[in-house]
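Trainee: Sequence first, then the predicted structure, then my questions.
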Amino acid sequence: MILARNITLAYDNKRNIIENGNFHIKPKEFIFISGSSGSGKSTLLKSIYGELAVRAGQLLVNKTDLSKKNYNNILELRKKLGIIFQDYKLIQEYTIEENIMLPLKILKYDSETSQNQAKNLLKHVKLSHRAGAYPAELSGGEQQRVAVARALSHNPNIILADEPTGNLDDYSAGIIWKLLRDANEMLGITVVVVTHKIPENFGIKYRRFNIDDGVMYEAS
Ligand SMILES: Nc1ncnc2c1ncn2[C@@H]1O[C@H](COP(=O)(O)OP(=O)(O)O)[C@@H](O)[C@H]1O
Ligand SMILES: [Mg+2]
């Protein structure tokens, strides 16, 4: 669950990027967020994963109130969040399998559980044969599949994805959309995706928000 009441988002003392944002994303929803470049889409996701403090209003993510002054328990918040970026953000010095296990290491899962989880996810994203490879040895589409596996590794109930298909060709993008759809449909994970291009015939129910000139609204 993500609930925003009149949130204002801004960097430093500069202008507000989003003003009076109101939305309620319920468990198991699939949400697309669109808007022109620079409209504040990434800024909105940053506030949800605790990278940017809200300037005003209330923001609840799961049971965490991110609008509380001095909120600093990022680890607690991210226990239930998986995050995917346009540029994958894999750790180059780690193998594919180690990248997938990273959230589990941070959350202090035991190594047997972590390894089993990584193996299952590698199978799920069809990269078992590349477990020991390094990110630079994979194509962009493959790297993004690793990023999806990593985002799923610690059993989050929310996945946030910032233009996850922005760097990919249509074929690879299709695979990523299917993985996100399956995460939503089969695992019941709430998925929030920023994209400027919503796939046609997406196949499952979703809601769509737009950000335009600092204002966020639900689009039909
Ligand atoms: N770290 C930052 N410090 C100051 N301004 C920023 C920062 N990151 C983004 N901005 C500004 O915030 C606005 C929204 O950026 P962003 O959320 O990245 O847009 P989008 O993801 O929709 O393209 C832009 O004007 C951008 O220049
Ligand atoms: Mg962005």
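Mentor: Received, thanks. Ligands and ions are numbered 1, 2, ... in the order given.

Trainee: which residues are contacting stretch 53-70?
Mentor: 1-10, 16, 20-21, 47-48, 50, 71, 73, 76-77, 80-81, 157-158 (CB atoms under 8 Å, 6 or more residues apart in numbering). Using the backbone N, CA and C atoms, a C-beta is placed for each residue, glycine as well.

Trainee: Let's see that with 7 Å instead.
Mentor: Taking contacts as CB atoms under 7 Å, 6 or more residues apart in numbering, the residues outside stretch 53-70 that touch it are 1-10, 47-48, 50, 76-77, 80, 157.

Trainee: Return the residues in contact with Asn120.
Mentor: Contacts of Asn120 by CB under 7 Å, 6+ apart: none found.

Trainee: buried stuff in the helix or strand that contains it?
Mentor: Element membership for Asn120, per DSSP states H and E: helix 111-124. Neighbour-count burial for helix 111-124, counted by 16 or more other CB atoms under 10 Å, picks out Ser114, Gln117, Ala118, Leu121, Leu122, His124.

Trainee: and the next element down the chain from it?
Mentor: Next along from helix 111-124, by DSSP H and E: helix 140-152.

Trainee: tilt between that following helix and helix 111-124?
Mentor: 140 degrees (axes from the mean of the first three to the mean of the last three CA atoms, to 10 degrees).

Trainee: for the helix or strand following helix 140-152, what is the average pLDDT?
Mentor: Downstream of helix 140-152, the first helix or strand assigned by DSSP H and E is strand 158-162. The average pLDDT within strand 158-162 is 98.

Trainee: re the thing from before, and which of the buried residues of helix 111-124 is nearest Tyr94?
Mentor: Within the buried residues of helix 111-124, distances to Tyr94 taken as CB to CB reach their minimum at Ala118, with 11.4 Å.

Trainee: partners of Tyr217 in the sheet?
Mentor: Asn210 (DSSP bridges).

Trainee: Quick check, central residue of the chain?
Mentor: Geometric centre of the chain, nearest residue: Leu160, 1.8 Å, by CA atoms, centre = their mean.
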